[in-house]
Each structure stands twice: as C-alpha cells, then as structure tokens.
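*Asks:* Here is my input, please return the structure:
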Amino acid sequence: MLMELSYLFAGDEPKWPTNPNDHYVWETSTRRGCANNASTITHHMHNGSHVDAPRHFTKDGLTIDQIPVENFYYEAPLTLNIPKAKGERIRKSDLEPYAEQMKKSDILLVYTGYADLRYTNPQAFIDDFPCWGADACTYIRKEFPSIKALAMDVLSVDSAVSGDAEGFPAHHALLDLNEANPERTLLIFEDINTKKLFEYGQTPKAICAFPVRFTGLEAAPVSMVAMF
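*Replies:* Residues are numbered from 1 along each chain as shown. Predicted coordinates for the structure are as follows:
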C-alpha cells in the first residue's frame, strides 16, 4: 500500500505569512480553441509540501541538486506524536523518551496535531504555529547519526512570529556546517500530512520523498509517499 503524505498544490495553500502566492497560467487551452492544454506555474519553493536544503540558510551549503538522491529515501522511519499548541516548541525533553527508537531511525515524522487546522482554519494554521527548539535539533544531530531528515505537520521548524528576530535558530541548528556542528546536516521537510500515519495506525516500511531538483536552488517541492 502507498500513502501520499505531501499535500496537493492548488495555488491557495496556507503559507509562511510573507511568501508570495503561487500563480497558474494556461498558456494554451482547448477551451479557448487551442490545439492543446499547456500551463505555466510561478511557484515559491517554500509554499506547500517542500524540502529545505542546507543552502536555504547557509552561504556555501549544498543546493537541492547537490544532495545525493539516496538521501531522499528512508528505510527506517519513526513516527512521533508530540502534541503542541499555538506557540509551543518541540524540545529535547520531548524527544528523550524515544532515544532508543531514534538510534535505529533515518527520518523522524512528527505530528503535533496543529495541522488539523490546515483545512478548517487556515488563518489560525499559519499564525504562531508550533515549531522546534534549537536544543532539540542539536540533540538529534549530535546523538543520532543515522537520522537524515525531519518531517513535520507545520509550515516551518522556526516560528513565524519570532523566527526572524531570533535568527532562525532551528534552521541553523539543522543545516549549518561549522565548528559547533561539524557533522552532517539534516534535510527539513515542512508542511507534511503526518496525521495520516497516526490515523492509519501502522509504521511505514519506507518513505520516498523525492523533490523536483532545480539546479542551484535552496529548496524544492516534494512528493512524499509512505510505503506499507
């Protein structure tokens, strides 16, 4: 069985408050008497289900096309139900009870419950959603070398309210390569429908999360599929 965890793109999906809207244009249309249908889309790379590469926040970080394709395939997924309310953060203490499971995992798929608002109240969904504390991100990088990526049911690992003022600490904790974080970086999958995994009640055998790989860019839309 296959289960799609990425959302369909519709052009009006909830997004980070300052992101531009996506636009669809029918260049030719059979409804207008043309011989075929052909469309153009103007898409912001951080709208909808997408993956952040290190270049998103680091000057010399890898771009989406430079990441080995096997880094987008996961054979030991771990699903975590960590309920969080508006403005709350996932902390190291939230992850510590799962340490033994995390040692054997290559991707964490986190459900906070906040994504329940995505369709019912989109404005609330984008307003001060739960995010990640830098302590939790650093903990994963330092203690669990098998983990290659995080996926979450909110728009960003950093806060839409305070992320800019704070310097986007969660993104930097996951993506930067420097003296403080000399080990490998992690990929960040944002706006993923992890709720489906808990509704189904089984852990996937594997996760495929292949992006459209535009040369030189810092992120890409992604199609994430769970295999059971």
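*Asks:* right, and A136 touches E96 too?
*Replies:* No: with contact defined as C-beta atoms under 8 Å, A136 and E96 do not form a contacting pair (9.6 Å). All C-beta spots, glycine's among them, are computed from the backbone N, C-alpha and C.
*Asks:* These two: which has the busier surroundings?
*Replies:* Between A136 and E96, A136 has the larger neighbour count (other C-beta atoms under 10 Å), namely 24 against 12.
*Asks:* can you pull the contacts of the more buried one?
*Replies:* 89-92, 94-95, 170 (C-beta atoms under 8 Å, 6 or more residues apart in numbering).
*Asks:* same thing but at 7 Å, please
*Replies:* 90-92, 94-95 (C-beta atoms under 7 Å, 6 or more residues apart in numbering).
*Asks:* Is it located within a helix, as I assumed?
*Replies:* Yes: under DSSP: H, G, I helix; E, B strand; the rest coil, A136 sits within a helix.
*Asks:* Give me the distance between it and T58.
*Replies:* 20 Å (C-beta to C-beta, to the nearest Å).
*Asks:* which one of the contacts of A136 is nearest A220?
*Replies:* I90 (24.0 Å; C-beta to C-beta).
*Asks:* Run through who's touching stretch 94-113.
*Replies:* So stretch 94-113 is contacted by 74-84, 90, 130, 136, 139, 144, 146-154, 194-195, 197-198, 207 (C-beta under 7 Å, 6+ apart).
*Asks:* list the contacts for the closest residue to A206 other than its chain neighbours?
*Replies:* Excluding its sequence neighbours, the residue lying closest to A206 (C-beta to C-beta, 6 or more residues apart in numbering) is M227, at 4.6 Å. By C-beta under 7 Å, 6+ apart, M227 lies in contact with 2, 204-206, 208.
*Asks:* Most neighbours out of those residues, which is it?
*Replies:* Counting by other C-beta under 10 Å, top hit in those: P204 with 24 neighbours.
*Asks:* And for it, nearest residue in space, chain neighbours not counted?
*Replies:* Nearest non-adjacent residue to P204 (C-beta to C-beta, 6+ apart): A226, at 3.8 Å.
*Asks:* give me phi/psi at the one you found?
*Replies:* phi -90, psi 140 (degrees, to the nearest 10).
*Asks:* D94 now?
*Replies:* Torsion angles, degrees, to the nearest 10, at D94: phi -70, psi -30.
*Asks:* Kindly report the same for A209.
*Replies:* The phi/psi pair for A209 (degrees, to the nearest 10) reads phi -140, psi 70.
*Asks:* So it sits against M224, correct?
*Replies:* Yes: A209 is in contact with M224 according to C-beta atoms under 7 Å; the separation is 4.2 Å.
*Asks:* any common contacting residues for the two?
*Replies:* With C-beta under 7 Å, 6+ apart, A209 and M224 have common neighbours F189.
*Asks:* all helices for the protein, in order.
*Replies:* For the chain, the helices defined by DSSP state H cover 92-95, 99-102, 117-120, 122-125, 134-143, 163-166, 169-175, 195-200.
*Asks:* Now do the buried residues in the third one.
*Replies:* By neighbour count, and taking 16 or more other C-beta atoms under 10 Å as the criterion, the buried residues in helix 117-120 are 117-118.
*Asks:* which residues are in contact with it?
*Replies:* Outside helix 117-120, the residues that reach it (C-beta under 7 Å, 6+ apart) are 14, 124-125.
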